[in-house]
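Novice: Next come a sequence and a model predicted from it.
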Number of protein chains: 2
Amino acid sequence: PLWTADKPVSPFKLTPRHFEHIMSLGQPWEHQHGRISLDNSNSHESNLLEYEAFDVLSPRGPLDEGKVLLIVDMRVAENRKDHYTDNFKSSSLIVRRNKEFTISIKLDRAFSAEQDDVQLEFLIGSSPNDNKGTYITVSIGKGKHNRHWKGRVVEIQGNEVTVGITPNASCIIGRFRTFVAIVTDFGRQRTQRNQDTDFYVLFNPWDPADQVYMDKEEDRQEYVMNDVGIIYNGEYNNISSRSWNFGQFEEGVLDACLMVMDAGKVPLLFRGNATEVVRQGSALLNAQDDKGVMVGNWSGDYSSGTAPTAWTGSPEILLKYASEGCEPVSFVQCWVFAGVMNTFTRCLGIPARVITNFFSAHDNTGNVKTDIVLDKDGKIDRSRTKDSVWNYHCWNEVYMKRPDLPENFSGWQVVDCTPQETSDGLYRCGPTSVNAIKEGELSYPFDAKFVFAEVKSISMFLLLPYTAYVGKLILTKKKDSSRYEDITSNYKYPEGSLKEREAMQMAERRGVSSRDYLPLAEAGVTIELQADTIKMGENLKLTLNIKNQTSQTCIISAIITGCVAYYTGVTMSPTQCDYNIFTAESLTIDVKALEYMPYLVEQSNLLFVVYGQVEESETSLSTMRVVNLHPPELTIKVNMTGSPMVGKELMVSVEFLNPYNFILQKVNLRIDGPGLILTKLKYYSQILPGASVKYKVLLIPRFLGKKVLMACLDCPLLRQVTNQLEFEVVKDENRNDLKE
Amino acid sequence: PLWTADKPVSPFKLTPRHFEHIMSLGQPWEHQHGRISLDNSNSHESNLLEYEAFDVLSPRGPLDEGKVLLIVDMRVAENRKDHYTDNFKSSSLIVRRNKEFTISIKLDRAFSAEQDDVQLEFLIGSSPNDNKGTYITVSIGKGKHNRHWKGRVVEIQGNEVTVGITPNASCIIGRFRTFVAIVTDFGRQRTQRNQDTDFYVLFNPWDPADQVYMDKEEDRQEYVMNDVGIIYNGEYNNISSRSWNFGQFEEGVLDACLMVMDAGKVPLLFRGNATEVVRQGSALLNAQDDKGVMVGNWSGDYSSGTAPTAWTGSPEILLKYASEGCEPVSFVQCWVFAGVMNTFTRCLGIPARVITNFFSAHDNTGNVKTDIVLDKDGKIDRSRTKDSVWNYHCWNEVYMKRPDLPENFSGWQVVDCTPQETSDGLYRCGPTSVNAIKEGELSYPFDAKFVFAEVKSISMFLLLPYTAYVGKLILTKKKDSSRYEDITSNYKYPEGSLKEREAMQMAERRGVSSRDYLPLAEAGVTIELQADTIKMGENLKLTLNIKNQTSQTCIISAIITGCVAYYTGVTMSPTQCDYNIFTAESLTIDVKALEYMPYLVEQSNLLFVVYGQVEESETSLSTMRVVNLHPPELTIKVNMTGSPMVGKELMVSVEFLNPYNFILQKVNLRIDGPGLILTKLKYYSQILPGASVKYKVLLIPRFLGKKVLMACLDCPLLRQVTNQLEFEVVKDENRNDLKE
């Protein structure tokens, strides 16, 4: 075909024939940028001439003008039901790879497979190319040579032909343009460009030939179709969680996800490869070193944007990014990165889930060893502490075959778009096989060593190795449930097992610095910190239990240090409260609210460290404890009798009481619920001590089934105030015109 | 230590103690850009206070002001001789890792190892950090705790102490700053910042503990110390070559190489890792997607810069880049990329060599299959030809351990900075283990699959598979010789061997699409093209030999197509000369100069393709031949009797005669010779037909031994006119004040 180009052509004087040749090599005017140019945008087009005469060598003759040609129907509704894409709020056809969809076309006379040569042409991007899978022809007439996609005649009714098209299992995902052409001896006659015949192709977890195939239907329902989830956070001893609106089917989200790849110049050629899509996605969702989607901020100051804790879901962020010309959205932290990544992947058809790793080590020296060293006063000595350990860190797992790796490394893959360290020059991480992490096989791409450190690095706590400390618990939401699933054993063999030692040895053969265990000092005395979980603003009872296994009594001198800590483990409190003890069996310390309240930061934790000495044996003792403070209540109510019904108005209210003796200022209240409402935001300039606010919203459920309504209150002095309400939307018996 | 910072500090109110803590975690003001910030420039500094009082907890007291402190001598000359860095044209100290160098310092009284606590401090970059290897202290007094580098007292003479310092084997390479401090109970007293005490640390191929260790001295002499080389090009049947000035020791080149990494924001933390340095280097030497060093251009139009064929060496390019504020240099092609990469690596101490691969396949679809399809007229059908095959392609091999991979993949690694395809988002390629390519182990980083295709992909030539065609010959310069070494067997097992099949099967298990061999048609007749090598502008005799193994005579109808081709295999000539033959045993065709001269491009090749049919059996035959045209002579003469002497003036002349009947315009003539002169450029607006030019240069040899003088003439109508002259520089018996 001849392309209509909207760019200046090359320095060469080109005949159409040469131009065509060069097109198939990439655009000549980009030769100076690398020998082969890559088409890297789904949003740019170059299209086809409506009439194209053939090579001068062929016999000349009059053009057969007679034919009326058009596409009658893309059969959106039925095709989308077959392709599990009917949840998308969109009027376009959306299909999945390697599964047939049907469209109807019309000719000027009855179609004959023997005489007519009818070709369907599918184009994506600005330099459609037969060899790059961006220009696809499917012949349904006599001229059969279908290189990429299968096509067949399903039904002929007079002049109307129903055609079945099957994109191949590895084809590019994105938005395609459709043309129909009739080929005669003299030339090719085509339909005009028509936006209504555009359609989307997605990955297909239902198809065994697809790289992202998942064999259990219940898995696909959870990891691809579920548009709401739970993200775990808090602290190992005191796990909390919050609901998250993935909203991958909300209006505009699919286009936004494609726009993310366009903005990131991901070559179309690579977009059929799930490994590539996920890896580039992990780079493009953070604003580092490319103008990506989200700006990470752990500084405590979020005045120039939205606080990371204030978001309730992904659509608000993705749509903001897309509607504002791909300007990065401020601000987010790890669970938001993971939440949006989950939307990006599920939306494109790649199975995914959000993971929370408690005590996640951050190895920034690549030696897979995390030293937490206390100085002689029992305070964390940052100048000697190499890396920080986060109370928790969130990332994603995606499910796919890894044709580039040995077979046993297919399956769940870790991908992390929180910018922690550059991977091969960009801030991104993964995909890396979970099995490879478990086996200590760290040579294969991508970033296995870094992830291994997060879950497995030996933590030198006060120079005593706490091997079991890092990656202590790894959780994800259980499928079809609101409880969590412990998947720690996917990442590690049991502590001290033979298998674990073997995995560690393998890791050391792959460049991980060997773990020099220091012998634990035999104190004969053990200490442990206990604390009851409290609400933010309450006083805390902290108990130090001391077990003396030696025969004689002994004196212990110890210091307990307390400070306020970020979830990243970076302590920021400028003051510390110290206690000196000379002690018996146990000791209780009262920590007053006013001792910690002035220093609180979002999702506050109190970190207590004990460091002591047994005077007799001069052996040292130490332990630590993180106390996670619970925020006050946020109540969600449905104001109606009986259950909510599809299409029927429904009144919900969110209430909050300020329990503190200080004023809450610049308060944002969000309400969110996929399938119920788009994110709603209410602003209160202040809430006085003891005062309460009530926010009412009217909504109309669109679908049957279980729905989740979530709310989040956020202000500089108080973060992480969230709640969710789950209810069943039933059918309105008086109406039947609704889809189930 | 307390840092003197030249940037605004974080949003928190920080006490010096906290500031220090946060410094060790990365700069707080960059927290919003990724949780951990990376120091990525060797050219930015932040330094140390001259006096630093200790923690308030320590006993107060008057500061001991008495001490006079200074660094007397960096012992540049002797240290550099020991460290094999005396070839560098630089006045600074340059040392290699894990080898001791000595410096002298002076105190106010005799040094006592028991009483004095003297520390040497070495800093690199703008946020020196103990944990990142960018702030190194070496204690030579009583206070011993040397984490990174070893230090010892070599000699004490009164107040002067000679100290031996040994950077550790994996330390960061680059320019360090030196301070000496005396520690008293009250504080730390330091020397002032002094540029003269800056020094460079390089990789150390002489040391077994270094990642780039090479055990044979003759190898190190060739692959690290040799500053001039030969790069092979031309065509498989007719190999030509040109000398190249690597000039890694020329003045300013080392600083330029470090500047390349600074401009590319390569974190200092990674600069001790040769794998990382080489990989980032391969991305930074091309101007793709980062403002790298060189702009690739294969368009034929170089009017806006220097033609790729016109360069004679690397220093001119690197120094131009560095002196013009890191503006990319125009224009280059693969052998220039490889030449400069070789300078970059050898300069930093990484063993490297330039490789030429003849018939190098370019796989841009990642299927490791290269289809060259001819249409029925015997012309290359680009619309069906997936990839192009270059007559030759140049890349580099670097020698290093790969601690991240299984052991057998250490050794020579392929690295290629010619921008062909993006690797993981950027235009770069490698390092990838040559052994891994040979074994078909393509899963390990980096880019094994792409390199495998270049040497091993099956080429479908006219739908007949020519397996042996691609990567037919792989050459590099033989050490200590001007001949070439055939290293094809490093990359591939013999064609058809069991080992080769096994390697291919392994590759297929790693995601390479399997090779569907088509049976070769049994024509019973074979054809072969023969051509004598000619000078550009001469007529060509082309002979087609036909062998008939069948019993009966048969008629062959064939077409011979000739066209002008780039070395990239992309044919650009708009006309073709066709010949029809009905034939006997053999046939000779005369190709007149005027048939091809109008269409010549740089380093021109004529491509002849025969496509024919045996009429009786109706089986088809095909073959091809590339004829490489030799450019006219360029003569270099030394105008003196006897051999050139160090320090003695020497007159050399370069002569050229225009043998053509057309005018040569805009002619550039370059003369170059490491250790003899910096690149000299002479411009001629035109050279008339039959006219000749003579350029004389006066130079003074600086070193003894074998030297190479090279010249290159270049103009739009005539490229690749090069020559070199080798001669021995001897000692001037009348002088003895010269280094040998």
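Specialist: That came in fine, so what should we check first?

Novice: same question for the biggest helix by length in chain A, mean pLDDT?
Specialist: In chain A, ranked by residue count with DSSP state H as the criterion, the top helix is helix A:334-348. Averaging pLDDT along helix A:334-348 gives 97.

Novice: And for stretch A:183-198?
Specialist: 82.

Novice: if you look at it, does any of it touch chain B?
Specialist: No: with C-beta under 8 Å from any C-beta of the partner chain as the criterion, chain B is not reached by stretch A:183-198; the gap is at least 14.3 Å. (Glycine included, C-beta is placed from N, CA and C.)

Novice: what about that stretch, how long is it end to end?
Specialist: This stretch, stretch A:183-198, spans 22 Å end to end (C-alpha to C-alpha, to the nearest Å).

Novice: List the buried residues of it.
Specialist: A:183-184, A:186-191, A:197-198 (16 or more other C-beta atoms under 10 Å in any protein chain shown).

Novice: Among those residues, which one sits closest to chain B?
Specialist: Each of the buried residues of stretch A:183-198 was checked against chain B using C-beta to the nearest C-beta; the closest is A:Arg188, at 14.3 Å.

Novice: sorry, back to before: among the buried residues of stretch A:183-198, which pair sits farthest apart?
Specialist: A:Phe186 and A:Asp198 (29.4 Å; C-beta to C-beta).

Novice: how many other residues sit next to whichever residue of the stretch 51-200 of chain A sits closest to chain B?
Specialist: Relative to chain B, the nearest point of the stretch 51-200 of chain A is A:Asn131 (5.0 Å; C-beta to the nearest C-beta). Residues near A:Asn131, counting by other C-beta atoms under 10 Å in any protein chain shown, number 19.

Novice: now swap in A:Phe446 and tell me
Specialist: So A:Phe446, with other C-beta under 10 Å, has 23 neighbours.

Novice: Now do the contacts for the residue nearest to A:Asn79 when sequence neighbours are not counted.
Specialist: Using C-beta to C-beta, 6 or more residues apart in numbering or on different chains and skipping the chain neighbours, the partner closest in space to A:Asn79 is A:Phe101 (4.3 Å). With contact taken as C-beta atoms under 8 Å, 6 or more residues apart in numbering or on different chains, A:Phe101 is in contact with A:75, A:79, A:82-83, A:93, A:95, A:164-166, A:199.

Novice: Filter those residues down to the buried ones, PyMOL style.
Specialist: The PyMOL selection below is limited to those of these classed as buried (16+ other C-beta under 10 Å):
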select buried, chain A and resi 79+82+83+93+95+164+165+166+199
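
Novice: quick one: which of the contacts of A:Phe101 sit in strands?
Specialist: Among the contacts of A:Phe101, the members falling in strands (DSSP state E) are A:93, A:95, A:164-166, A:199.

Novice: and which of the residues you listed is nearest to B:Glu114?
Specialist: A:Val95 (82.0 Å).

Novice: if we can go back for a sec, in TSV, list the buried residues of stretch A:183-198 along with secondary structure.
Specialist: Listed next are the buried residues of stretch A:183-198 as TSV, based on DSSP: H, G, I helix; E, B strand; the rest coil:
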residue	secondary structure
A:Val183	strand
A:Thr184	coil
A:Phe186	coil
A:Gly187	strand
A:Arg188	strand
A:Gln189	strand
A:Arg190	strand
A:Thr191	coil
A:Thr197	helix
A:Asp198	coil
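
Novice: Looking at those residues, which one is closest to B:Val228?
Specialist: Once C-beta to C-beta is applied, the member of the buried residues of stretch A:183-198 that ends up nearest B:Val228 is A:Arg188, at 58.1 Å.

Novice: Quick check, that closest one in contact with A:Ile182.
Specialist: Yes: between A:Arg188 and A:Ile182 there is a contact at 7.3 Å, judged by C-beta atoms under 8 Å.

Novice: So for those two, which residues contact both of them?
Specialist: Taking C-beta under 8 Å, 6+ apart as the contact criterion, the residues that touch both A:Arg188 and A:Ile182 are A:Gln119.

Novice: hmm, back to that, beta partners for the residue nearest to A:Asn79?
Specialist: Counting by DSSP bridges, A:Phe101 forms beta bridges with A:Ile165.

Novice: What's the per-residue pLDDT of it here?
Specialist: pLDDT, A:Phe101: 98.

Novice: and if you look at A:Lys477?
Specialist: 92.

Novice: just to revisit the earlier point, so does the helix or strand just after the longest helix of chain A get close to chain B?
Specialist: Downstream of helix A:334-348, the next assigned helix or strand under DSSP states H and E is strand A:352-361. No: Strand A:352-361 does not reach chain B (C-beta under 8 Å from any C-beta); its nearest approach is 11.6 Å.

Novice: Output strand A:352-361 as CSV, restricted to C-alpha atoms.
Specialist: Provided in CSV are the C-alpha atoms of strand A:352-361 (Å, rounded to 0.1, in the frame of the first residue of the first chain):
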residue,chain,number,x,y,z
ALA,A,352,-2.4,-8.8,39.0
ARG,A,353,-2.6,-8.4,42.8
VAL,A,354,-1.3,-6.0,45.5
ILE,A,355,1.2,-7.4,47.9
THR,A,356,2.2,-6.1,51.3
ASN,A,357,5.6,-7.0,52.8
PHE,A,358,6.0,-6.3,56.5
PHE,A,359,9.5,-5.3,57.6
SER,A,360,10.6,-4.7,54.0
ALA,A,361,14.3,-4.1,53.8
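
Novice: distance between that strand and the chain's centre?
Specialist: 12 Å (C-alpha atoms, centre = their mean, to the nearest Å).

Novice: Run the angle between it and helix A:334-348 for me.
Specialist: Strand A:352-361 runs at 160 degrees relative to helix A:334-348, counting by axes from the mean of the first three to the mean of the last three C-alpha atoms, to 10 degrees.

Novice: so where do the strands sit in the stretch 251-400 of chain A?
Specialist: Here the stretch 251-400 of chain A has its strands, by DSSP state E, counting those that start in this stretch, at A:294-296, A:329-332, A:352-361, A:369-372, A:389-400.

Novice: Quick check: can you name the pairing partners of the helix or strand that the longest one is followed by and their directions?
Specialist: Where DSSP H and E defines the elements, the next helix or strand beyond strand A:389-400 is strand A:411-415. For strand A:411-415, the paired strands and their directions (DSSP bridges) read strand A:389-400 (antiparallel), strand A:432-433 (antiparallel).

Novice: which residues are contacting the last one?
Specialist: Just to be clear, that refers to strand A:432-433. A:402, A:405, A:409-415, A:441, A:444-448, A:451.

Novice: Can you tell me which of the residues you listed are buried?
Specialist: The neighbour count (16+ other C-beta under 10 Å) marks A:402, A:405, A:409-415, A:441, A:444-448, A:451 as buried among the contacts of strand A:432-433.

Novice: Between its first and last residues, how far does stretch A:505-525 reach?
Specialist: Start to finish, the residues bounding stretch A:505-525 are 33 Å apart (C-alpha to C-alpha).

Novice: what mean pLDDT does that stretch have?
Specialist: For stretch A:505-525, the mean per-residue pLDDT is 67.

Novice: now do stretch A:265-282
Specialist: The model assigns stretch A:265-282 a mean pLDDT of 93.

Novice: Please apply the same query to stretch A:412-427.
Specialist: What stretch A:412-427 shows for mean pLDDT is 81.

Novice: what about that stretch, start to end distance?
Specialist: Start-to-end span of stretch A:412-427 (C-alpha to C-alpha) is 21 Å.

Novice: what about the strands in the stretch 1-150 of chain A?
Specialist: Going by DSSP E, counting those that start in this stretch, the stretch 1-150 of chain A shows strands at A:51-53, A:70-73, A:93-96, A:101-106, A:118-123, A:135-139, A:150-157.

Novice: The longest one to strand A:101-106, inter-axis angle?
Specialist: This points to strand A:150-157. Put simply, strand A:150-157 runs at 50 degrees to strand A:101-106, going by the same axes, to 10 degrees.

Novice: now strand A:150-157, how far from the chain's geometric center?
Specialist: Distance of strand A:150-157 from the chain centroid (C-alpha atoms, centre = their mean) equals 39 Å.

Novice: Can you name every helix or strand that it contacts?
Specialist: Packing partners of strand A:150-157 (3 or more C-beta pairs under 8 Å, 6 or more residues apart in numbering or on different chains; DSSP states H and E): strand A:135-139, strand A:160-166.

Novice: Since that was my last question, I'll sign off now.
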